[in-house]
Each structure stands twice: as structure tokens, then as C-alpha cells.
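Asks: structure, please.
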Amino acid sequence: MRLKKAYMLDFSRNEFYGTIPNDIQHENYSTLRLLYLDHNTLTGTIPASLMQMRKLKGIFLNDNYLEGMIPYVIDDDQKVNLLTIRVQNNRLTQPVAPVICDLDVNKGEYELVELGVDCEIW
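Replies: Numbering: from 1, shown residues only. Predicted coordinates for the structure are as follows:
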């Protein structure tokens, strides 16, 4: 499914299962700002393509069965745009990569307002 003009996709609380599709990426959803996949039974890892979506403001993946790590944010433009990452209540590997924790508005120059996961405190 490709929805190039979609602003928000809310698939929360739909009893979805399986992995997050790899085709959720900027080329297929170039205007997407908010992605809600929370409160489902999603498994597998978080695709790196989610963290590279240029216009995405919020990613809500909390309350699933996701494993692995939060993919590193590579694109500097993405760091500025992303405001919320919610991934609590999954099976993610700790600790969270410092590059993700440093996006916190209180620690760095970027605008991440809400990080729904624990970071190591130094």
C-alpha cells in the first residue's frame, strides 16, 4: 500500500500481528507526519526506514512485542523533525543508543520532546 499524500496513519489497537512492513519509507509515504502502530502484537525489529522518514514528527510503536534496538538516526534533517518516539512496553534491547538519547530536547540541540524509553544517565 502506498499513500503518498497521507498525513497520518493510525493503526493502533487493531490486533495487527507480524512484522512492520519495510515499505513504510519516505519514497512511499513522503508526506507522512504521524505513524501510530501502538497497542498491537507486532514482532520483529523496527525497520531503519522508519527512522529515515524526512517529514515524520511522531512514531508510536509502544505496547507491542518488538525486539532489537531502535535504529540509529542517520539523517540530520530527521533529527530536527522528529518530536516523539514511543517504544515503551516492547522487548527492545537496552541500553538505547546514545545517538537516540541525545535527541532529547533537554540534552541536545534537537527538538525531540518525548522519548518513551529509558536512556542511561551519565
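Asks: which residues does the most centrally placed residue in the chain contact?
Replies: Centroid check for the chain by Cα atoms, centre = their mean gives Ile59 as the closest residue, at 3.9 Å. Counting by Cβ atoms under 8 Å, 6 or more residues apart in numbering, Ile59 touches Leu35, Leu50, Met51, Leu82, Thr84, Ile85, Arg86, Val87. C-beta coordinates here come from the backbone N, C-alpha and C atoms, glycine included.
Asks: hey, what's it bridged with?
Replies: With DSSP bridges applied, Ile59 shows beta-bridge pairing to Leu35, Ile85.
Asks: lowest-confidence helix or strand of the chain?
Replies: helix 76-81 (a mean of 62; mean pLDDT, DSSP states H and E).
Asks: just give me the closest of the contacts of Ile59 to Tyr65.
Replies: When those are ranked by distance to Tyr65 (Cβ to Cβ), Val87 comes first, at 11.7 Å.
Asks: the closest one: how many residues sit nearby?
Replies: The number of residues packed near Val87 is 21, by other Cβ atoms under 10 Å.
Asks: any idea of the pLDDT on it?
Replies: At Val87, the model reports a pLDDT of 87.
Asks: distance of it relative to Met51?
Replies: 11 Å (Cβ to Cβ, to the nearest Å).
Asks: can you check which residues contact both of those two?
Replies: Ile59, Ile70.
Asks: look up phi and psi at Ile100.
Replies: phi -80, psi -50 (degrees, to the nearest 10).
Asks: from now on call the first residue 22
Replies: That works, and once the first residue is 22, the last one we named lands at Ile121.
Asks: okay, now it: neighbour count?
Replies: Ile121: 23 surrounding residues under other Cβ under 10 Å.
Asks: and if you look at Asp44?
Replies: Asp44, neighbours per other Cβ under 10 Å, totals 12.
Asks: and if you look at the one 10 residues further on?
Replies: Other residues within reach of Arg54 by the criterion other Cβ under 10 Å amount to 16.
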